[in-house]
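Participant: sharing a model prediction with you, sequence too.
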Amino acid sequence: GHFRAYAPEADAVVAEVAPAPGAFVCFWSDRLVHDVSEVTRCAGPDETRWALTVWLCADADGVVEETPEAVLRTHWPHNVGS
């Protein structure tokens, strides 16, 4: 599916990347509101798709950014204050 990035404090798509051979998207997921739409079709074995997730762990505070309250209210209002 398409990769979409959203404005931090608005429900607005600011970037969209269509799936294409050789496409590569890399970003800090703790700093970018994003999603990937469901794959709706695949023409066959020559269209193999891969996704790679890498977790970076750190002992130091402040390496992973906290999500600002305004971003949480915009995109995950049900999680604010829980």
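Facilitator: Received it, and whenever you're ready, just let me know what you need.
Participant: so who does the residue most central in space within the chain touch?
Facilitator: Centroid-nearest residue in the chain, with Cα atoms, centre = their mean: His34, separated by 3.0 Å. Residues in contact with His34 (Cβ atoms under 8 Å, 6 or more residues apart in numbering) are Phe3, Arg4, Ala5, Tyr6, Phe27. For glycine as for every other residue, the C-beta is placed from the backbone atoms N, C-alpha and C.
Participant: can you map out the helices along this protein?
Facilitator: Using DSSP state H, the helices of the chain run over residues 69-75.
Participant: show me the shaky parts of the chain.
Facilitator: Residue ranges of the chain with pLDDT under 70: 42-48, 62-63, 81-82.
Participant: what's the spacing between Trp55 and Val36?
Facilitator: 17 Å (Cβ to Cβ, to the nearest Å).
Participant: looking at the two, which one has more neighbours?
Facilitator: More neighbours surround Val36 than the other of Trp55 and Val36, with 13 against 5 (other Cβ atoms under 10 Å).
Participant: in this structure that one contacts Ala5, no?
Facilitator: No: taking Cβ atoms under 8 Å as the definition, Val36 is not a contact partner of Ala5, at 10.5 Å.
Participant: hey, what's the residue nearest to the centre of the chain bridged with?
Facilitator: For His34, the beta-bridge partners are Ala5 (DSSP bridges).
Participant: need the contacts of His34 in TSV (columns: distance to Arg41 and neighbour count).
Facilitator: What follows is the contacts of His34, written out as TSV (distance: Cβ to Cβ, whole Å; neighbours: other Cβ atoms under 10 Å):
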residue	distance to Arg41	neighbour count
Phe3	17	16
Arg4	18	15
Ala5	23	16
Tyr6	25	18
Phe27	26	11
